[in-house]
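> fold the following.
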Amino acid sequence: MMSLWSLLSPRGKMRCYALLDSDGRCRALRESTVVPAEPGWVQIKEARICWLGQPLPVAEIILPRQQFSRPRVMVAA
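Below is the predicted model:
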């Protein structure tokens, strides 16, 4: 039985991922709240089973955001 805390706690958003081989063909699909740790997984907009064994449409791939660090300004105290 689920506890009340598990019902009220925030959950991560489910995202779709595809495992691509060296030729860019889709080998597996996955939905998860965390990024897969194994290499070769890319985030996609939606998972379609018809993509298995086929080249993944480039328009479906979500590029990861790059984190830019701001230069810190030193302030004299």
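
> quick one: the strands in this structure?
15-20, 26-32, 41-44 (DSSP state E).

> between those, which one is nearest to residue 65?
Across the strands of the chain, residue 65 has its closest neighbour in strand 41-44 (10.5 Å, Cβ to Cβ). Quick note: C-beta positions are derived from backbone N, CA and C, even for glycine.

> show me where pLDDT drops low in the chain?
Residues of the chain that meet the criterion pLDDT under 70 lie in 1-3, 5, 66-74, 76-77.

> and with 90 instead?
1-13, 24, 35, 56-58, 61, 63-77 (pLDDT under 90).

> the helices in it, which residues?
4-8 (DSSP state H).

> now the strands of the chain as JSON lines including mean neighbour count and distance to residue 50?
Shown next, in JSON lines, are those (neighbours: other Cβ atoms under 10 Å; distance: least, Cβ to Cβ, whole Å):
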{"stretch": "strand 15-20", "mean neighbour count": "19", "distance to residue 50": "12"}
{"stretch": "strand 26-32", "mean neighbour count": "15", "distance to residue 50": "9"}
{"stretch": "strand 41-44", "mean neighbour count": "18", "distance to residue 50": "13"}
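
> distance to residue 60 added to the ones you listed, as JSON lines?
What follows is the strands of the chain, written out as JSON lines (distance: least, Cβ to Cβ, whole Å):
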{"stretch": "strand 15-20", "distance to residue 60": "8"}
{"stretch": "strand 26-32", "distance to residue 60": "10"}
{"stretch": "strand 41-44", "distance to residue 60": "5"}
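
> what's the closest of those strands to residue 54?
Proximity to residue 54 (Cβ to Cβ) singles out strand 26-32 among those, at 6.1 Å.

> tilt between the closest one and strand 15-20?
Between strand 26-32 and strand 15-20, the angle comes out at 160 degrees (axes from the mean of the first three to the mean of the last three Cα atoms, to 10 degrees).
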